[in-house]
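Asker: Predicted model follows, preceded by the sequence.
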Amino acid sequence: SLREIIILPDKQLRLVSKPVEKVTPEIRQLVDDMFQTMYDAPGIGLAAIQVAQPLRVITMDLAKPDAGGETKREPRVFINPEIIAKSDELSIYEEGCLSIPEYYEEVERPARVRVRFTDLDGVLREEDAEGLYATCIQHEIDHLNGVLFIDYLSKLKRDRVLKKFTKAAKRAGE
Ligand SMILES: O=C(O)C[C@@H](Cc1ccccc1)C(=O)SCC(=O)c1ccccc1
Ligand SMILES: [Zn+2]
């Protein structure tokens, strides 16, 4: 079922998520709900912490989430992912975040990374990523470590975003 996506300045976004010991039926249900929530947003990635579950679980689907016609879906699950190698070469992408809605900024990251992770069947895998795949997996793994893409921006830009979301939260709270 759909889960609520937590939004800045929710402090939970800064938690370091815990490794998954065993792929249980509960983890499978969480992954199901994460895909449903991600497609509904729409987004191309989601980290469990964004639905308030501090577990090292990521879902991704780079196929255009709202291409209109039949979307050829390519759902991916990463459990306990770690970057084990990265290129010196960097690439810049305009990133967004479902926890920082309607804010997009260019972020520079290694262009290619090698990721080691466990899949939903409990199999340990390693994959090379480049392009949007590399950017997205790094953005999601950052979420697992309580890091947000605004942390890579200038202090000026970051404070502006925080101010905007903190004011909005206060107004909502009033
Ligand atoms: O907050 C998240 O982790 C999801 C985020 C992932 C991401 C996007 C772009 C660069 C790096 C990481 C999103 O999916 S934001 C929404 C988005 O990018 C998008 C939405 C609809 C169509 C295409 C992209
Ligand atoms: Zn994000």
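Answerer: That came through fine. Ligands and ions are numbered 1, 2, ... in the order given.
Asker: count of neighbours near the closest residue to ligand 1 within the chain?
Answerer: Closest residue of the chain to ligand 1, Cβ to the nearest ligand atom: Gly43 (3.1 Å). (Each C-beta comes from the backbone N, C-alpha and C, glycine too.) Gly43: 19 surrounding residues under other Cβ atoms under 10 Å.
Asker: What ranges does the chain have for its strands?
Answerer: In the chain, the segments counted as strands under DSSP state E are 45-47, 57-60, 76-86, 90-97, 100-110, 112-118, 124-130.
Asker: For the residue of the chain closest to ligand 1, which non-adjacent residue is closest in space?
Answerer: Spatial nearest neighbour of Gly43, excluding adjacent residues (Cβ to Cβ, 6 or more residues apart in numbering): Leu98 at 4.8 Å.
Asker: The one you found: what's it in contact with?
Answerer: Counting by Cβ atoms under 8 Å, 6 or more residues apart in numbering, Leu98 makes contact with Ile5, Met38, Ala41, Gly43, Leu46, Gln50.
Asker: Also Thr118?
Answerer: Contacts for Thr118 (Cβ under 8 Å, 6+ apart) come out as Val20, Val23, Ile79, Asn80, Leu124, Arg125.
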